[in-house]
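>>> Could you work out the structure for the sequence below:
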Amino acid sequence: MPRPRQRVCLESGLKLDLNQLARRGLIQLGGYRTSNISWRDSYSGEHIASGTISSDMTDAEEGLFHVQIGSLAQWIKLVSLPRHFGGRQWYFVCPDLNCRVSVLWMPPGARNFACRQKWGKQVAYASQFSTPIDRAHEGKARIKSRLCSIGGFDPAAWELPPKPRWMRWPTYNRAVEKFDHYEGRLNESLLAGMAKIVERYVVPYDAVS
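Residues are numbered from 1 along each chain as shown. All right, here's what the predicted structure looks like:
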């Protein structure tokens, strides 16, 4: 049985992943861009929030990021560092801990985005509450939600969405492999459960005779 929840599930809140935003074209490296953004529940795919983001990355080393969700209006500093293999890697600067991170979170009940370390023991990842079966369902749901979000597909219409228009085939194929892996885990669990039922309730032929 999964442990009872005494902390807030981090994935039930909102997430800003700088690298993912760049891949989706919602921010422009080396430029300025304003984009609409929405969040969906990682398990059900249901819409939970929407807003706008703006990023000024015209300077090579520092920039600014703004997120507006209802009454929330938060400015977040951006910095970049040179990569060993060329180019530069951009990071958020956590507004609370002043550290460089690629991902910021706003858990349920919070009023601003900050890094995972800021929230400490108030939050936990969904996997910390889950059984292996839960994690398989959640893994499938994450893949489905990401593909639907990128491709603009209706989550109710697809078990596994097709390749989004701008996604590369190797990236999509990796997603399909992971989806099939989770599906395989669920099938194995189902067969194991059926075997236990048969073992418990079916009377052996020798016992009848």
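
>>> Outline the domain layout of the chain.
For the chain, automatic domain parsing gives the domain ranges 8-124, 131-201.

>>> which stretch in the ones you listed has the least confidence?
Looking at the domains of the chain, the lowest mean pLDDT belongs to domain 131-201 (a mean of 85).

>>> For that one, what is the distance to the chain centroid?
What separates the centre of domain 131-201 from the centre of its chain is 14 Å, taken as Cα atoms, centre = their mean, to the nearest Å.

>>> hmm, back to that, redo the domains of the chain as CSV? Include mean neighbour count.
From N, CA and C alone the C-beta is placed, and that goes for glycine too. What follows is these, written out as CSV (neighbours: other Cβ atoms under 10 Å):
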stretch, mean neighbour count
domain 8-124, 15
domain 131-201, 14
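
>>> Helices of this protein, start to end?
Ranges of helices in the chain, per DSSP state H, are 18-23, 116-119, 132-151, 169-201, 205-208.

>>> so residue 144 touches residue 159, yeah?
Yes. Between residue 144 and residue 159 there is a contact at 7.5 Å, judged by Cβ atoms under 8 Å.

>>> shared neighbours, those two?
Shared contacts of residue 144 and residue 159 (Cβ atoms under 8 Å, 6 or more residues apart in numbering): none.

>>> hang on, the earlier thing: right, and the helices of the chain - which one's nearest residue 38?
helix 132-151 (7.9 Å; Cβ to Cβ).

>>> Give me the helices and strands touching the closest one, please.
Where contact means 3 or more Cβ pairs under 8 Å, 6 or more residues apart in numbering; DSSP states H and E, helix 132-151 is packed against strand 32-40, helix 169-201.

>>> Tabulate these in TSV, adding columns for distance to residue 117.
Converted to TSV, the helices and strands packed on helix 132-151 look like this (distance: least, Cβ to Cβ, whole Å):
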stretch	distance to residue 117
strand 32-40	21
helix 169-201	27
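
>>> Nearest to residue 155 among these would be which one?
Closest to residue 155 of the helices and strands packed on helix 132-151 is strand 32-40 (Cβ to Cβ; 7.7 Å).

>>> Name the strands paired with that closest one and say parallel or antiparallel.
Strand 32-40 sits in its sheet next to strand 47-56 (antiparallel), going by DSSP bridges.
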